[in-house]
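[1] The following block contains a protein sequence and its predicted model.
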Amino acid sequence: MHERSNVQTALLSILGSARQPLGAGAAREALCREGFEVSEATAGRLLRTLEEQGLAQKVSVQGRLLTDQGRLLLETTQRDQRRSQSAEAFLEVLEATRRREMIDLLVARRAIEGEIASLAARNSTEEELLQLRELLTQAQGVRPEGRNLAPLDQRFHALIAAMSRNRVLEAALQLIRQHGDSSPLLPEIRVRSGHGSGQDHALILEALEARDPERAREAMTKHLENVLADVEAYPEKPL
């Protein structure tokens, strides 16, 4: 069905560009140049169909030309095709922009959240560590169900930021994560890549519970490097 429609559109375009009436032979040659391998008989049938639809008219034995109705249809079809191509090109650029932006945001997060984790190891309370442990447990329960982990991931990182007791770093992280709202895509990318944040988060929590600033910094930095690697390896277009 789509092939037939494409051939008809190509034939309309050929007739629209023709300076003289086209017969079946000339129409076949023109269609073949456009990549449509058709017989002369098929080209003839296509021309007759256009005539029956009022899109072409026969000019004695010379062949057929477009009617005003055919030219109007051709212009409308070509305009729709240009719009479709422009929309597809825009979406491709937008997807690439989002991916590039996500990478830039993760690089910024890697720098900021490493320091945040280090401070959290020094300043967190036992109650906050229990809350963090509860978030990790919830994520482990949700993961097998295939539910969206983005909200739990956001809460995990936001809580650690609050635990740092550094309002400037916490505000900076909030601003980064809000910019472009890319974070909901990260768990999806990690799952599709065959990875997940569960083990990374567990190592971060262990370092925080041990009150080890350098270990916490390293665990958080490694986690974000893993996420960054998955995003960089992710295809330009969604799977």
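    Great, that's in hand. Residues are numbered from 1 along each chain as shown.

[2] if I look at residue 134, how far off is residue 176?
    25 Å (C-beta to C-beta, to the nearest Å). The way it works is simple: take the backbone N, C-alpha and C, and place the C-beta from them, glycine included.

[3] Mind checking which of those two has more residues around it?
    residue 176 (19 against 12; other C-beta atoms under 10 Å).

[4] Run through who's touching the one helix or strand the more buried one maps to.
    Per DSSP states H and E: residue 176 is located in helix 167-178. Contacts with helix 167-178, where a contact means C-beta atoms under 8 Å, 6 or more residues apart in numbering, come from 105, 108-109, 112-113, 115-116, 119, 154, 157-158, 161-162, 164, 183.

[5] Could you tell me which of those residues are located in helices?
    When DSSP state H is applied, these are split such that 105, 108-109, 112-113, 115-116, 119, 154, 157-158, 161-162 fall in helices.

[6] Could you identify the buried members of those?
    Buried members of those, counted by 16 or more other C-beta atoms under 10 Å: 105, 108, 109, 112, 113, 115, 116, 119, 157, 161, 162.

[7] which of those residues sit farthest apart?
    Within these, two members stand farthest from each other by C-beta to C-beta: 105 and 119, at 20.8 Å.

[8] how much space between residue 38 and residue 72?
    Look at residue 38 and residue 72: by C-beta to C-beta, they are 25 Å apart.

[9] tell me which helix or strand of the protein sits lowest on mean pLDDT?
    helix 185-192 (a mean of 65; mean pLDDT, DSSP states H and E).

[10] what's downstream of it, the next helix or strand?
    helix 198-209.

[11] hmm, back to that, give me the average confidence score over the helix holding residue 176.
    When pLDDT is averaged along helix 167-178, the result is 88.

[12] buried residues in it?
    Buried residues in helix 167-178 (16+ other C-beta under 10 Å): 169, 170, 172, 173, 176, 177.

[13] Centre of the chain to that helix, how far?
    Helix 167-178 has its C-alpha centroid displaced from the chain centroid by 26 Å (C-alpha atoms, centre = their mean, to the nearest Å).
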